[in-house]
Each structure stands twice: as C-alpha cells, then as structure tokens.
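J.: kindly generate the corresponding structure for this input.
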Amino acid sequence: MQRSRRGQVDPFIVMDMMEEARTLEAAGQRIIHMEVGQPGTSAPLGARNAVAAALEQPLGYTVALGLPELRRGIAALYARWYGVDLNPDRVIVTAGSSGAFLLAFSALFDAGDKVGLGEPGYPSYRQILRALSLEPVGIPTRAENRLQPVPADLQGVEMRGLIVASPGNPTGTMLSHAALKALMDHAAERGISFVSDEIYHGLHYDDRAVSALEISDQAYVINSFSKYFSMTGWRVGWMVVPEDHIRTVERLAQNMFICPPHASQVAALAALDCIDELEANRAVYAENRRLMLEGLPKAGFTKIAPPDGAFYVYADVADLTENSLHLAREILHGAGVAVTPGLDFDPKRGAQTLRFSYARATADIAEGLQRLQRFMNAR
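T.: Residues are numbered from 1 along each chain as shown. Have a look, this model is predicted:
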C-alpha cells in the first residue's frame, strides 16, 4: 500500500532513548532519567480531587474551544503573571500543546509555505510542519545570542511564519522583552506570522519570562498544563489567537478534535488555583538546577548554555565526541543515566551536543550526577 511523503517524518530520538532505558529497567537495572522533559511531580492535589468529584457526573463533549470557565481562568492567569488584560474569547483549550501546534499551523499556513525555527529547538515543530506539507527552515543560532534567534539571523531567509520558544527547549535560555520585541517587530515588518511557544513559562529561576502578549495581540501564543502544572499525561494545553482568527480556529478544532478531554479540563481549572504546591515544585527544580550547574562540570561537561528557565541543561560536547548518540548510549549502558543526544534539536550541529533534564526528584539528580562523574572521569 502506498504511503504519503508527508508521513515520512524523522523519529523523536528522546523517545527512542526512553525505550532503550525501559528495556534496561525491565532487565532489572536502575536507570536515572535525565532524558525526558517530564516533571517528576504529579498533578496538583486540588486537580486530582476535582477530577475525582467530577467522575460522579457525566463527562462528555465540551464546546470545541474548551470549558468557558477554564478559558476565563487562563485569561485571569495572564493578568496575574503579566498584567495583560486578555479577552477569554481569544483562549482556545487544546489537546496538549501538540494539538495547539496542529491548529496553529493549519490556521496560518498553506501547503508549501516555509516556516522558520531556531536551531537548536524542539524537534516536533519540524516534523509537524512536514506532516502538514509545510517546509521547516532551520535558523542556526549562536552562543553569543544565548542560542536564541535574533533579527540578523532572519535577514534574507524566506519564510511565511516564525516559531520562537522562551524559555527554549533544549537550552532553557530566555529572551528579554527587548529581544522578543525585536523579533516580533521584524516579523511584523515582513508580514511573517509569529508563533510564541511559552510552555515553560512559570519555570524561571531569576527574572520571569516575557509573554508575546505583552508586546502585541498579533501573535499566536501557545502554552500547556504539562510543565509548570505537572500534568503531562493529562494532555491539555491552550493557545491565544488574535480576535479575527477565533472562528477559523474554532472550525478547525471542531473537525480535528471535537473538543479537548473533559476530565483534563476539569483538572486544569482546579490546577490554576494550586499556587503553593506549584511554587514548591519550582523550588525543587531550582535546587536541581543548582546541583546540575555545580555537578556537570565535574563530569567534564563544561560548555553549557545558561539555563534561565525550563528544566534543561544543553551542553556542547565537541571536545568529548563527534557522535552524541553514541556517547548517550555509552552513558546509558555504562553509568545507568539516560540523556538525550542533541541530534533531536539540531540536525546539523547536534552530533556534538547533549541535553540533560533535571525535572525529576532531587535525590535522583544527585545520584545521576555522581554516576556521571564516576563514569566520565574513568572513560
């Protein structure tokens, strides 16, 4: 049977590493997980209690754009975090941020359009674009710019859209208000649609992240309950769109997804009020980050991007290997620590980088660092 060219996307290598780690665990080996960006904490207690109570009521279809009370709650979050007065009608609840990207790319672009994305960056942008018959255009970023794109990088690059993430994955670096505004202004001058990936907002360790909505209403802003709210498996996210795009996105959502999962929306609404628990989680990540910045250099990983947010450290390992996938497998089998090769995030330069996640429990991070130090120093 014939297969579409659109369906021939690259594998998500971190998922392959997770499977290899799972195989070792099934054989009885204890693995420390630094490969996947999944919080080690569960959904907030208030969210779990809300779902338990809701199970006594019928759970079915909601309206396509999400529960109105959840959309109002998310709009209130923008007032609390950024001082932005947001019309709740502009909030679209989605099946995770992945659902938001499908809707955004479908609403904004036509087949064959070119969409720019910084490298290193989240690999699924590239694969979702390809699956929609769009052309991803990688934009190499530079260490002096904190591995974030700047307007000079975009000069002469043909594109109909631009995706920017701050804090970024895999780097954890953030854009200042001025840096984000410069990119958005450049895009506006050229008629380039701007998509701001803000799914790691809330996970910052000094200054907070800046939302694109603080700068302009003419952007698609995507976020999720997966990271700060510790709800990866619930598959609930959201995006904010310009008012004149609401009906377009609604029609797409009706047909592509019908609606986001009802139970997950109930949990998400309650999670918005679990501030103390969520901030306690962030304090754990802050301690984990401190341990990583102290411990990774002792294992020989000295060239790292400055992680302002999220829960990743991105390391240049060119002095250690020319094959990051081979090194990651060496570390997995030799140290029992799962890490992610940079090939996921940067097809050209990722053979010389690794990503370390510090999203798990502090005790696991401390043990993982000890293992890395023993293994790399004996290598």
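J.: let me see the domain layout of this structure.
T.: As assigned by automatic domain parsing, the chain contains the domains 13-42+276-378, 46-273.
J.: ok, residue 327 touching residue 342?
T.: No - Residue 327 is not in contact with residue 342 according to C-beta atoms under 8 Å; the separation is 10.0 Å. Heads up, the C-betas are built off the backbone N, CA and C, glycines and all.
J.: between these two, point out the one with more neighbours.
T.: Per other C-beta atoms under 10 Å, whichever of residue 327 and residue 342 has more neighbours is residue 342, with 26 against 20.
J.: and the more buried one, what is it in contact with?
T.: Applying C-beta atoms under 8 Å, 6 or more residues apart in numbering to residue 342 gives the contacts 120, 170, 314, 324, 349-355.
J.: so which of those are in strands?
T.: 314, 353-355 (DSSP state E).
J.: from those, pick the one nearest residue 258.
T.: Here the nearest of the ones in strands among the contacts of residue 342 to residue 258, counting by C-beta to C-beta, is residue 355; it sits at 34.8 Å.
J.: quickly list what that closest one is bridged to.
T.: residue 314, residue 340 (DSSP bridges).
J.: returning to what we had before: export the domains of the chain as JSON lines, with columns for mean pLDDT and distance to residue 4.
T.: Shown next, in JSON lines, are the domains of the chain (pLDDT from 0 to 100; distance: least, C-beta to C-beta, whole Å):
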{"stretch": "domain 13-42+276-378", "mean pLDDT": "94", "distance to residue 4": "21"}
{"stretch": "domain 46-273", "mean pLDDT": "97", "distance to residue 4": "9"}
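J.: among these, which is nearest residue 2?
T.: That would be domain 46-273 among the domains of the chain, by C-beta to C-beta, at 16.1 Å.
J.: show me where the stretch 251-379 of the chain has its strands.
T.: Applying DSSP state E, counting those that start in this stretch to the stretch 251-379 of the chain gives strands spanning 303-304, 312-316, 337-338, 340-341, 353-357.
J.: for the last one, enumerate the helices and strands it packs against.
T.: With contacts defined as 3 or more C-beta pairs under 8 Å, 6 or more residues apart in numbering; DSSP states H and E, strand 353-357 has these neighbours: strand 312-316, helix 324-335, strand 340-341.
J.: now swap in the fourth one and tell me
T.: Using 3+ C-beta pairs under 8 Å, 6+ apart as the contact definition, the elements that strand 340-341 packs against are helix 13-26, helix 324-335, strand 353-357.
J.: and the second one, what does it pack onto?
T.: I take that to be helix 324-335. helix 13-26, strand 337-338, strand 340-341, strand 353-357, helix 362-378.
J.: one step back: any chance of the domains of the chain in a markdown table, with distance to residue 7 too?
T.: Shown next, in a markdown table, are the domains of the chain (distance: least, C-beta to C-beta, whole Å):
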| stretch | distance to residue 7 |
| --- | --- |
| domain 13-42+276-378 | 17 |
| domain 46-273 | 7 |
